[in-house]
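Chemist: here is my input, please return the structure:
(one chain, ligands or ions: 2)
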Amino acid sequence: MNFHDSEKVAGSLVSQGYRQVRTVEEADLIFYNTCSIRDKAEQKVFHRLSDFKALQKQGKKFAVIGCVAQQEGERIFERAPHVSLVAGSASYRNLPEMLVQIGRGERATGLDDRNTEETFETEFTARTNPHRGYITIIEGCDKFCAYCVVPYTRGRERSRTSESVLEEARRIADSGLTEIQLLGQNVNSYLDPMGKRSFAELLAEVGQVKGIRRVRFTTSHPRHFSRDIVEAIDSVPTLCDHVHLPVQSGSSRVLDAMAREYTREQYLERVSWIRATKNRTISMTTDVIVGFPGETLAEFEETMTLLEEVQFDGIFSFKYSPRPNTPALTMENAISEDEKTRRLAVLNERQREIQRANYHRHVGQVMEAMVEGFQPARNQVSGRTSQNKPLNFTIPCGAEIPKIGRYVQVRVTKSHPNSLVGELCPDGEAVPSAACTIA
Ligand code: 5AD
Ligand code: SF4
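Modeler: Ligands and ions are numbered 1, 2, ... in the order given. Model (predicted):
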C-alpha cells in the first residue's frame, strides 16, 4: 500500500511540474514515506531522519508522509527540526498546496483529513513496478482491531467508484501491463459509492478488461470474505489462484479480545469454501500475531493446530507490538519479549515444514510463470506463478532471455520452502508441449 501511495504522490507532483530524480543527492526536496504498523518500522523512521540531517546544509528540504507522520504529527518537527512538511495519507490530495507553503519557507502539515469522504485519485501515477499495476479501491479502515494503529493513521473507510477503478484498469492495460493488484487495507469491505458493483463483481470485471491476464487483491478481512469472491475466482480465469486471508490467531477467545469479529470456526468455514472450488486450486496465505496480551500456551497451541489444519502456502508472522492509541496497549497479562520470540520461532519452524511439503507437490508439474527479472550471477530467470509462488528457472543454452512481464511455461524440477525451481519448457511461451507435461 505504501509503495503504491509513493507512486501516486510522485506522479501527481510530476503532473504539477515537479521533476522526479533518482538519488537523494540530486533532490531539492526529499519525501520519506513511513509505516507505523509495528514498533520496529517506526524506530527505523527516526534513525533515517537523523541521517538526513546532514543534508540540510545543502539546502535540501524534507517531507515526512505516511502513518508515522500522521501518528506523531507536529512532534516530528521537535524530534527532527530539519523537516518542513508532515502529512498523513488522508491529506495527500492537498500536497500541492502544502508544497507552495514550504516553498515560502513555512512549515506545512496535513493531519486533519482522516474523516474525509474523499479518496486520493490521480491519473498520473508514476508506476515503478515493471510488471504490475496497483489500484487502490478503498482507503482507510473502520475495523479497529484491538492491536492495530491503521484506523487511527489512515482514517475512515472510503471507496472509489467502480467506474473509476475500471477506467484505471483500462489505462493500465493500455500502457502494456498485464497484471493488476487491487489494494485496500480492507479490500473486501469495498462499497461502490454509486452502488453499481459488489467487490466480487468489480473483481470479475477487472479480470475481463482486455489485455489483463492476472488480477490479485489484498488484504481481505475474513469477516467480509463472502462466497461470491471464491465463485468469481473459480469462474474468471484471469483472477489469480491465491487468497491472502489474515487469521491473526487460531483461538476464538483471542480473536474476540482482538475484536476481529469472527471465530476460529467461521474462519475455517471460509477456508472450506476456498478449498471447494471446481476449476481452480487456490493457494492460501495468512498473517499471524503471537503473544497478544493474555494469550495462554493453550491458545497459542490453537494457532498451531490451525496452521496444521489449513496448510497455508505462506504466512507473515509477527510478535505482538504495542501501538499507541490502541485498546490492546492497556490490556493485562502482557507476554514477555522472550516468550513472544519463542512462540514465533516455534510457529515459523512448523510452518516451514508445512511449506516444504506444499511446495514439493509442484515438482514435475508445468506451471505458467510471469517473468519478473533475470539474475545473471545465477543465470536464472525469476518468475511468479498465479498462486504467487516464486518460480525461478533456467533457459536452454543460447535461448533468448524472456522479457519482464512475459508469460512462459516452466517445468518444476525442484522445490524449497519458499520457492520453486524449474526449466523453461521448449516452446515455453506457448501451451505446454507433450514433452512438457507432468512426468
Ligand atoms: N503487532 C504485531 N503485528 C501487527 N499487525 C498489525 N498490527 C500489529 C501489531 N500491533 C500485523 C497483522 C496485520 C499485518 C499487516 O500486520 O498481522 O495483518
Ligand atoms: Fe488493522 Fe484490523 Fe483494519 Fe486490518 S482490519 S488494517 S488489522 S484495524
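Chemist: I'd like the next helix or strand past the stretch of helix or strand Gln351 belongs to.
Modeler: Taking DSSP states H and E as the criterion, Gln351 maps to helix 337-360. Per DSSP H and E, the first helix or strand lying C-terminal to helix 337-360 is strand 366-375.
Chemist: how far away from the center of its chain is the helix holding Gln351?
Modeler: 21 Å (Cα atoms, centre = their mean, to the nearest Å).
Chemist: repeat for stretch 35-48
Modeler: 18 Å.
Chemist: hmm, it touching ligand 2?
Modeler: No - for stretch 35-48, no contact with ligand 2 is found by Cβ under 6 Å from any ligand atom; the gap never falls below 8.1 Å. In short, each C-beta sits where N, CA and C put it, glycine included.
Chemist: who touches that stretch?
Modeler: 2, 32, 34, 64, 66-68, 70-71, 79-80, 148-150, 153, 318, 321-323 (Cβ atoms under 8 Å, 6 or more residues apart in numbering).
Chemist: and the next helix or strand past whichever strand or helix holds Phe46?
Modeler: Take DSSP H and E as the rule and Phe46 turns out to sit in helix 39-52. Using DSSP H and E, the next helix or strand after helix 39-52 towards the C-terminus is strand 61-66.
Chemist: next, the angle from that following strand to helix 39-52.
Modeler: Angle, strand 61-66 to helix 39-52, by axes from the mean of the first three to the mean of the last three Cα atoms, to 10 degrees: 170 degrees.
Chemist: show me the shaky parts of the chain.
Modeler: Within the chain, the segments meeting pLDDT under 70 span 427-439.
Chemist: redo that, cut-off 50
Modeler: 430-439 (pLDDT under 50).
Chemist: flag every residue of it that's near ligand 1.
Modeler: Near ligand 1, when you scan the chain using Cβ under 6 Å from any ligand atom, you find 37-38, 147-148, 246, 248, 287, 289, 318, 320-321, 323.
Chemist: and this structure, which residues reach ligand 2?
Modeler: Looking at ligand 2, the residues of the chain close enough under Cβ under 6 Å from any ligand atom are 141, 143-145, 148, 150-151, 185-186, 221.
Chemist: just put those residues in TSV and tack on neighbour count.
Modeler: Formatted as TSV, the residues of the chain next to ligand 2 follow (neighbours: other Cβ atoms under 10 Å):
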residue	neighbour count
Cys141	22
Lys143	18
Phe144	12
Cys145	21
Cys148	22
Val150	20
Pro151	20
Gln185	21
Asn186	20
His221	20
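Chemist: related to what we said a few turns ago, okay, and which of the contacts of stretch 35-48 map to strands?
Modeler: If you go by DSSP state E, the contacts of stretch 35-48 have 32, 34, 64, 66, 318 in strands.
Chemist: just the buried members of these?
Modeler: Buried subset of the ones in strands among the contacts of stretch 35-48 (neighbour count, 16 or more other Cβ atoms under 10 Å): 32, 34, 64, 66, 318.
Chemist: tell me the contacts of the residue lying closest to the first one once chain neighbours are set aside?
Modeler: Read that as Tyr32. Of all residues not flanking Tyr32 in the chain, Val64 sits nearest, at 5.2 Å (Cβ to Cβ, 6 or more residues apart in numbering). By Cβ under 8 Å, 6+ apart, the contact set of Val64 is 32, 34, 45, 49, 76, 80, 83, 85-87.
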